[in-house]
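>>> attaching a predicted model along with its sequence, questions to come.
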Amino acid sequence: MTTEDEVLAALRKVVDPDLGKDVVSLGWIKDLKIDGGTVSFTLTLTTPACPVQNDMVAQARRIVSSLPGVSKVDVNVAYNVARTTPADNVATYKIKNIIAVGSGKGGVGKSTIAVNLAVALAAMGAKVGVLDADIYGASVPLMIGATTPPEVAGENLLKPSEVAGIKVMSVGLLVPPGTPVIWRGPLVTKAIQEFMTNVDWGELDYMIVDLPPGTGDAPLTVAQDVKPTGAVVVTTPQRASMEVALKTLTMFKKLEVPIIGIIENMSYLVCPYCGKEIDIFGRGSVEAVARNLQVPFLGSIPIDPRLREAEDNGELIVDFQDSPAAKALMEIAGRVASRISIIAYTSKPKEEGEGGSMSAFLPMPPKS
Ligand SMILES: Nc1ncnc2c1ncn2[C@@H]1O[C@H](COP(=O)(O)OP(=O)(O)OP(=O)(O)O)[C@@H](O)[C@H]1O
């Protein structure tokens, strides 16, 4: 008969590749039971979007199966999304991680990526919210298909709209359609602050914040007051777009917001007739710049007409499994979640088992 100690010793060989530690030391093995030849345990991962989840489960199963006397291995998978936000802050104690999505130039696909990252993470089982901080150009409600205005949930408290389980708050849900928001900077700042404090977000694993392009009032407020876990910067491959994106990147670094990574959008076009990949804007240039700057490159998203069509119709692209853009977005969502777990585990823990404060200097992800 195999003992619990032997099973745990064997499971020490299963290492999370992002954190470089084994699942036993990380405290991820729970409810270990041995019943005759059957060994069962729960593997608790830090995110349902873990890209190496299947590999780790298969490895754990294989290693335990090879122990003497073991005829069956039952592995349950559970998730406890690691926290990077301060647990003692009234605005964020229920929100474990905040991801700001920014860009340099407008129209590069930042809102598209913000919304679809939210959809992808939610589709994998995470609790997700989207805060639209693009006050003058709020497009999140249209893209995600949110139509019901937020309800009043108490004194000075709004309940966010909800689409496919994703909580959404945007100034676009508060003003009649077609109405421009004509506010000076301080009002923009106040609106974003109130979206954090006066909205009943409930418990969220990930909040995605869609920033306006550039380095103005809204990105500054998000960086300084919302204090995101990190920022994702979106750019297209052309030099003009990238040069402005790098300014946004530098702004985040100056404000000590960790860089989760950079994404190349509209990287290439897959010909709908022959399937050939056509390089339109200079594919690959963002990855090269990211390498130079030692900033993680999160991936490329091709031009996909279905992405634009889905958005215009308020549909969710990750539902379309055969779309190359949807596939790329799902993979990128997994990488973002991995980077968040790394931030949570490599910074000083604030709450046992739940990660800790932010670090502006992150290790580079392993090369895939
Ligand atoms: N990979 C893609 N394939 C096809 N269409 C795309 C892709 N990425 C974005 N689009 C489309 O390009 C347009 C601009 O995208 P989006 O609004 O997300 O840009 P943005 O950077 O958020 O712009 P802004 O910040 O100026 O509002 C949208 O119509 C969107 O559907």
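Sure, I can see it.
>>> the helix or strand of the chain with the lowest mean pLDDT and the ligand in contact?
Using mean pLDDT, DSSP states H and E, the weakest-scoring helix or strand in the chain turns out to be helix 305-312, at a mean of 86. Yes - Helix 305-312 lies within reach of the ligand by CB under 6 Å from any ligand atom, at Leu307, Arg308, Glu311. (Glycine included, C-beta is placed from N, CA and C.)
>>> of these, buried ones?
Neighbour-count burial (16 or more other CB atoms under 10 Å) applied to the residues of helix 305-312 next to the ligand gives Leu307, Glu311.
>>> ok so, going back, who's in contact with the least confident helix or strand of the chain?
If you take CB atoms under 8 Å, 6 or more residues apart in numbering as the criterion, helix 305-312 is touched by 112, 115-116, 142-143, 272, 315-317, 320, 323, 325-326.
>>> likewise for stretch 143-157?
Counting by CB under 8 Å, 6+ apart, 111-112, 115, 118-119, 130, 140-141, 158-163, 166, 168-170, 173-174, 198-200, 311, 313-316 sit against stretch 143-157.
>>> so which of those residues belong to helices?
Ser111, Thr112, Val115, Ala118, Val119, Val140, Pro141, Glu311 (DSSP state H).
>>> can I get the buried part of the residues you listed as one ChimeraX selection?
In ChimeraX syntax, the buried subset of these is picked out as below (16+ other CB under 10 Å):
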select :111,112,115,118,119,140,141,311
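>>> so which elements touch the helix or strand containing Ala326?
Following DSSP states H and E, one finds Ala326 within helix 324-346. Helix 324-346 is packed against helix 110-123, strand 230-235, strand 259-270, strand 297-303, helix 305-312, with contacts defined by 3 or more CB pairs under 8 Å, 6 or more residues apart in numbering; DSSP states H and E.
>>> who in this protein is up against the ligand?
So the chain meets the ligand at 103, 106-112, 134, 137, 139, 212-213, 265-266, 301, 303-304, 307-308, 311, 325 (CB under 6 Å from any ligand atom).
>>> 5 Å instead, please
Within reach of the ligand by CB under 5 Å from any ligand atom, the chain has these residues: 106-112, 137, 213, 301, 303-304, 307-308, 311.
>>> what about the strands in the stretch 101-250 of the chain?
For the stretch 101-250 of the chain, the strands defined by DSSP state E, counting those that start in this stretch cover 128-132, 151-154, 157-159, 161-163, 166-169, 206-210, 230-235.
>>> got TSV for those strands, with distance to Ala245, mean pLDDT and mean neighbour count too?
Below are the strands of the stretch 101-250 of the chain laid out as TSV (distance: least, CB to CB, whole Å; pLDDT from 0 to 100; neighbours: other CB atoms under 10 Å):
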stretch	distance to Ala245	mean pLDDT	mean neighbour count
strand 128-132	20	97	28
strand 151-154	37	89	10
strand 157-159	33	93	16
strand 161-163	28	95	19
strand 166-169	25	96	26
strand 206-210	15	97	28
strand 230-235	4	96	28
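>>> for Gly137, give me phi and psi.
phi -120, psi 40 (degrees, to the nearest 10).
>>> what number of residues lie near it?
Applying other CB atoms under 10 Å, we find 18 residues neighbouring Gly137.
>>> go on, the one 10 residues further on?
Neighbourhood size, Thr147 [other CB under 10 Å]: 12.
>>> does Met251 really touch Thr215, like I thought?
Yes - contact criterion CB atoms under 8 Å: Met251 and Thr215 qualify, at 4.5 Å.
>>> what are the buried residues along stretch 211-221?
Leu211, Pro212, Pro213, Gly214, Thr215, Asp217, Ala218, Pro219, Leu220, Thr221.
>>> for the residues you listed, which one is nearest the ligand?
Pro213 (4.5 Å; CB to the nearest ligand atom).
>>> not counting sequence-adjacent ones, nearest residue to the closest one?
Excluding the flanking residues, the one nearest Pro213 by CB to CB, 6 or more residues apart in numbering is Gly106, at 4.2 Å.
>>> contacting residues around the residue of the chain found nearest the ligand?
Across the chain, no residue is closer to the ligand than Gly106, which sits at 2.6 Å (CB to the nearest ligand atom). Gly106 sits next to Gly137, Pro212, Pro213, Gly214 when contact means CB under 8 Å, 6+ apart.
>>> distance of the residue lying closest to Ala120 once chain neighbours are set aside relative to Val108?
Among residues not flanking Ala120 along the chain, Ala333 sits closest, at 3.6 Å (CB to CB, 6+ apart). Going from Ala333 to Val108 by CB to CB, to the nearest Å gives 18 Å.
>>> please apply the same query to Ile332.
15 Å.
>>> who has more neighbours, these two?
Val108 (25 against 21).
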